[in-house]
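# Pasting a predicted model and its sequence here:
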Amino acid sequence: MTPLARPAVWRFADRDTVRTADGTTWCRGLRQPRSWAAFGGGPDKCDDEAMRALLGNDPRAVFAPAAPDAYAALPGRTLGAQRDLELLDLRPATGATLYRYALDRTGAFLGGSPGRRSAPLPDLRPADVRTSLRGTAGRYSRARITLDRVHGRLHARYAIGSTLHTHTYVLTAP
């Protein structure tokens, strides 16, 4: 029985990182914009298609998206109304992986900008993403939700007490 293929990241952004099973860390935009380079030197560099192949062939490779800065505006177009979320079309993406960040007082005091990362939630369907975003907008009236179609990301940011929560949905395709 062959293992199921993992969904691939639809679009990459500069500052995304990938750590392979052999310990090599790749960073997009490290030396040149829109190009992957091995962190720590070396002449190795590759493009997005090669990185998708690497992620697909190495089951232990770990992808980490660029975390949005808590002190800067979220990238992309704001989805302000419930109608925007209902009409949200994620095609050609077929799913998403959710990355969550939480910046509390201690993290802000220690200089953390994105906050601490929780374990990712993979294999979300577009309907799951839409429902989650509508729920966030309904529960938190001051939540900011943006669509960054250029980089294939959706961002949601809201505060609970003194903790700032940022959710990044990285869109995936088969």
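Thanks, I have the structure now.

# ok, and what's touching stretch 8-15?
Applying Cβ atoms under 8 Å, 6 or more residues apart in numbering, the set of residues contacting stretch 8-15 from outside is 16, 27-29, 33-34, 48, 51-52, 55-56, 63, 65-66, 92-93, 148, 150-153, 170-174. Using the backbone N, CA and C atoms, a C-beta is placed for each residue, glycine as well.

# start to end distance for that stretch?
End-to-end distance for stretch 8-15: 18 Å, by Cα to Cα, to the nearest Å.

# try stretch 133-153
13 Å.

# Buried residues, that stretch. List them.
133, 136-137, 140, 143-148, 151-153 (16 or more other Cβ atoms under 10 Å).

# How about residues contacting it?
Counting by Cβ under 8 Å, 6+ apart, 9-13, 65, 74-80, 82, 85-86, 88, 93, 154-160, 167-171 sit against stretch 133-153.

# Quick one, which of the residues you listed are buried?
Buried, going by 16+ other Cβ under 10 Å: 9-13, 65, 74-76, 79, 85, 88, 93, 154-158, 167-171, out of the contacts of stretch 133-153.

# quick one: which of those residues sit in strands?
Under the assignment DSSP state E, the buried ones among the contacts of stretch 133-153 contribute 9, 154-158, 167-171 to strands.

# want to throw the residues you listed into TSV with pLDDT and distance to residue 100?
Listed next are those as TSV, based on pLDDT from 0 to 100; distance: Cβ to Cβ, whole Å:
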residue	pLDDT	distance to residue 100
9	86	17
154	93	13
155	93	11
156	94	10
157	92	11
158	92	12
167	93	5
168	93	8
169	94	10
170	94	12
171	92	16
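
# In the residues you listed, find the pair that's most separated.
9 and 158 (24.9 Å; Cβ to Cβ).

# Pick the one among the buried residues of stretch 133-153 closest to residue 38.
Distances from residue 38 to these, taken by Cβ to Cβ, are shortest for residue 151, at 21.7 Å.

# pLDDT below threshold where in the chain?
1-7, 41-43, 107-114 (pLDDT under 70).
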